[in-house]
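Q: Sequence isn't available, so here's the structure alone:
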């Protein structure tokens, strides 16, 4: 019974040549799409091509599990047109989702036996439209036409429970009863490695109402209510961004997080037992690592404890020993305001058994604290999982730290902040538990795919393709810094990318850009701490200078700001309105023609990032110091030859360290200066009154100069900037303008600028996600790569711990 059946795919290796691809494409068009070329649309061609690539991946995918597009088929179709048919997957929360995608690519490329888990949201991050300058949200129905890259696995459906009550038998064993139940249906997406035979799995869960009804339907109303309850259950995987300032939205988030956790842990334990049915659960830490990416999946810790204690009948000591050696955790927090809490009352109602387990974890942990610091009640309360912040709450950050054997930050700057400030008590208790793993990006997506011209230029300097998997080899480009011919080729590639972006904007947005201007870009989620107001104030300042002196000699500049505001984030939406209002005034004033342009890039997303990042000259990475955990957008721009204007925050500090301060434009206050200003009472009016240009900008905003039809619309923003200015826009304005003057001076010097561009690319190797994942594997997960051989090769197997990741 314990033996695994032999594989059925050993002789189905698909030869990947042009003729095979062409024949597969035609077969899928005829028999899968059920169309011929005469009536097929571009979307039909896209689905047929995706299905063809899917078939090529399947043999790699199956071989990868067993051990733990190349040639042009000359189909007469434009691959770029087919790419336009593919929607951006609505799976992740901003930078966390993009980071997870890079990590999955790196894990497959390195050859780690890894699974990724997430929720298959029907509607991703909303489609952003702009009407009268305001953000309008529309559903992002990315699954409207299906997803040809996924495979439904209904045979692996899991049942997830909510609410109910806890009962105990005579022996004290607990049972969670009278629960609401829903089904989690898995959909699998293959994650192929680069130039190897590995194909890992991303498993996404879709919520479905339970089969049948457990109620007795007496009349039509009962039936309608049953249907309604079933539809309500399916809301869990319907939307990516529930508005969390309302109680209902917060509870939906809790249900989403537990839905992912419960289904995934069931799946992991099922695979663990299937691999060896006689294996003991005590072996779990030696075979499985579960990585908690941020605090969203924190409840995995009490969920595993529930399974081990209530279902597997282990005692507390043994269950906790297994649990605490299985989990590792990445903490992305940079600000106290971003710490994650759940209301105790909500947990009590939605997950009553889990709250009991968390309470017991907390009691056991307090014993550890009292043993180390006897009678230190203040410290004991600070470190408790249970806190009071207006109401009793449960800290997910504390739960993750207590329940994981490693906790890492995502940049040297942020990790230092975690250890010395946010979680100092925990670091004092467990100094070896905390470590840093600076984030990285996938060079496959963010260089090879999005910037083929630059890729080819780099290839011309390398003797092999090894650099794609070992990006630190880019440092060889430093040898070319004084090679004028090479630098000219590099800058021509940048200009070609700018020209392509200009053409795209003209065709798709009806916007005319000057390809000879500085492309000054700030694209990311619209959040106050990321300070999109600074480039907006730059545009206003430059506009005021041109108005005061129409003959002013200014380096032409195109300022591009893009990103989405969360639906319930009112101030972020007002900032978008301001940017669009300023852009409109500048656009229709003829004195700015050829000198200055401001645009808001609506519906910013990954596919649009792949267009604008290679075209960017200046990358704006300007958060208030102490607010950004890492950031990876800065790395993408750097790798594509954009220079950074930025604060010494997050991973910016490491970028400036790699390139040297002379190859970028650092500005702003240090963390010590920011903390001192706040401690002594920061007054933004002190900086406003001493800076006439800033004062004029803010007065124009206050008085409705940029929105004459609604002159009072920005008064609230003005009041916030002049009285509170939490993220010190006014305090950093003068130094920001100084750095921007340096940008203009450097851009006018073509030789200097080209050398800076080359140095940035040459120093980008550290920021590959391959390096990050290798460090995780070596230092935290303790796993080794697994080689996936061709079907006819000897199939040697190596024992390796499987690594799972939520996110």
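A: Now that the structure is in, tell me what you want to look at. Treat the numbers as computed from the prediction; the structure is a model and nothing was measured.
Q: Tell me how far residue 477 lies from residue 443.
A: With distances taken as CB to CB, to the nearest Å, residue 477 is found 14 Å from residue 443. To be clear about C-beta, it is placed using only N, CA and C from the backbone, and glycine gets the same treatment.
Q: now residue 495
A: In this view, residue 495 and residue 443 are 22 Å apart by CB to CB.
Q: quick one: low-confidence parts of the protein?
A: 1-17, 58-85, 92-93, 211-230, 241-247, 790-807 (pLDDT under 70).
Q: domain ranges for it?
A: With domains defined by automatic domain parsing, the chain comprises 18-83, 95-439+772-790+797-806, 493-767.
Q: how about the helices in the stretch 701-807 of the chain?
A: Along the stretch 701-807 of the chain, the segments classed as helices by DSSP state H, counting those that start in this stretch run 715-719, 729-748, 750-762, 769-775.
Q: just the ones you listed: most buried one?
A: Comparing those by mean neighbour count (mean count of other CB atoms under 10 Å), helix 769-775 ranks first with a mean of 22.
Q: hmm, back to that, of residue 477 and residue 443, which one has the most company?
A: The neighbour comparison of residue 477 against residue 443 (other CB atoms under 10 Å) goes to residue 443, with 30 against 24.
Q: Run a quick check on that one versus residue 768, I expect a contact.
A: Yes - Residue 443 lies in contact with residue 768 (CB atoms under 8 Å); the separation is 5.4 Å.
Q: Show me the common contact partners of these two, please.
A: The overlap between the contact sets of residue 443 and residue 768 (CB atoms under 8 Å, 6 or more residues apart in numbering) consists of residue 471.
Q: and after the lengthiest strand in the chain, which helix or strand comes next?
A: Determined from DSSP state E, the single longest strand within the chain is strand 180-192. Of the helices and strands lying after strand 180-192 in sequence (DSSP states H and E), the nearest is strand 199-209.
Q: Now for residue 263, how many residues are close by?
A: Count around residue 263 with other CB under 10 Å applied: 26.
Q: actually residue 539, sorry about that
A: Using other CB under 10 Å, residue 539 has 24 other residues around it.
Q: end-to-end on stretch 475-493?
A: 19 Å (CA to CA, to the nearest Å).
Q: ditto for stretch 89-99
A: Using CA to CA, one end of stretch 89-99 lies 14 Å from the other.
Q: Check which residues of that stretch are buried.
A: Of the residues in stretch 89-99, 89-92, 95-99 count as buried by neighbour count, 16 or more other CB atoms under 10 Å.
Q: for residue 626, what are its contacts?
A: With CB under 8 Å, 6+ apart, residue 626 has these contacts: 334-335, 417, 649, 671, 674-675.
Q: Do a quick rundown of the helices in the stretch 51-200 of the chain.
A: Using DSSP H, counting those that start in this stretch, helices in the stretch 51-200 of the chain cover 79-83, 95-110.
Q: Count residues in the vicinity of the nearest residue to residue 591 once chain neighbours are set aside, would you?
A: Leaving aside its chain neighbours, residue 591 sits nearest to residue 550 (4.9 Å; criterion: CB to CB, 6 or more residues apart in numbering). Neighbourhood size, residue 550 [other CB under 10 Å]: 10.
Q: so residue 550 touches residue 592, yeah?
A: No - the pair residue 550 / residue 592 is not scored as a contact, 9.5 Å apart, by CB under 8 Å.
Q: Assign residue 292 to helix, strand or coil.
A: Here residue 292 is recorded as strand under DSSP: H, G, I helix; E, B strand; the rest coil.
Q: Any idea what it is bridged to?
A: residue 329, residue 806 (DSSP bridges).
Q: residues in contact with it?
A: Here residue 292 is in contact with 298, 300-301, 327-330, 400, 404, 806 (CB under 8 Å, 6+ apart).
Q: Could you count how many residues lie near residue 384?
A: By other CB under 10 Å, 17 other residues sit near residue 384.
Q: swap in residue 188?
A: Residues near residue 188, counting by other CB under 10 Å: 17.
Q: wait, doesn't it sit right on residue 200?
A: No - Residue 188 lies out of contact with residue 200 (CB under 8 Å); the separation is 10.2 Å.
Q: And the contacts of the helix or strand hosting residue 655?
A: Using DSSP H and E, the element containing residue 655 is helix 652-659. Contact with helix 652-659 is made by 411-413, 438, 621, 628, 631, 634-635, 638, 644, 646, 648, 664, 666, 759-760, 763-764, 766-767, as judged by CB under 8 Å, 6+ apart.
Q: again, only using 6 Å
A: Contacts to helix 652-659, defined as CB atoms under 6 Å, 6 or more residues apart in numbering, come from residues 412-413, 621, 634, 646, 664, 666, 759-760, 763, 766.
Q: Run through the neighbouring helices and strands of the longest strand of the chain.
A: Under the contact criterion of 3 or more CB pairs under 6 Å, 6 or more residues apart in numbering; DSSP states H and E, strand 180-192 touches helix 42-67, strand 158-162, strand 199-209.
Q: okay, those in CSV with mean neighbour count next?
A: Formatted as CSV, those follow (neighbours: other CB atoms under 10 Å):
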stretch, mean neighbour count
helix 42-67, 20
strand 158-162, 18
strand 199-209, 21
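Q: which helices and strands sit right next to the longest helix belonging to the chain?
A: With DSSP state H setting the assignment, residue counts place helix 247-275 as the longest helix in the chain. Contact here means 3+ CB pairs under 6 Å, 6+ apart; on that basis helix 247-275 packs against strand 158-162, helix 300-306.
Q: List the buried residues in that helix.
A: Across helix 247-275, burial judged by 16+ other CB under 10 Å covers 249-269, 271-272.
Q: for the helices and strands packed on helix 247-275, which one sits closest to residue 723?
A: Of all the helices and strands packed on helix 247-275, helix 300-306 sits nearest to residue 723, with 42.2 Å by CB to CB.
Q: who touches the helix or strand that comes right after that closest one?
A: Note on helix 300-306: by DSSP H and E, the next helix or strand toward the C-terminus is helix 316-326. Residues from elsewhere that reach helix 316-326 (CB under 6 Å, 6+ apart): 284-285, 290, 304-305, 308-309, 403, 405.
Q: Among those, which one lies nearest to residue 546?
A: residue 290 (57.0 Å).
Q: measure that closest one to residue 207 for me?
A: Separation of residue 290 from residue 207 (CB to CB) stands at 21 Å.
Q: filter the contacts of helix 652-659 to the buried ones?
A: Among the contacts of helix 652-659, those scoring as buried are 412-413, 621, 634, 646, 664, 666, 759-760, 763, 766 (criterion: 16+ other CB under 10 Å).
Q: still on that earlier bit, looking at the contacts of helix 316-326, state which has the most neighbours.
A: Counting by other CB under 10 Å, top hit in these: residue 290 with 28 neighbours.
Q: Tell me how far that residue lies from residue 301.
A: For residue 290, the distance to residue 301 (CB to CB) stands at 9 Å.
Q: One more: residue 389?
A: Residue 389 is 21 Å from residue 301, by CB to CB.
Q: more neighbours, those two?
A: The neighbour count for residue 389 versus residue 301, taken as other CB under 10 Å, is higher for residue 301 (28 against 10).
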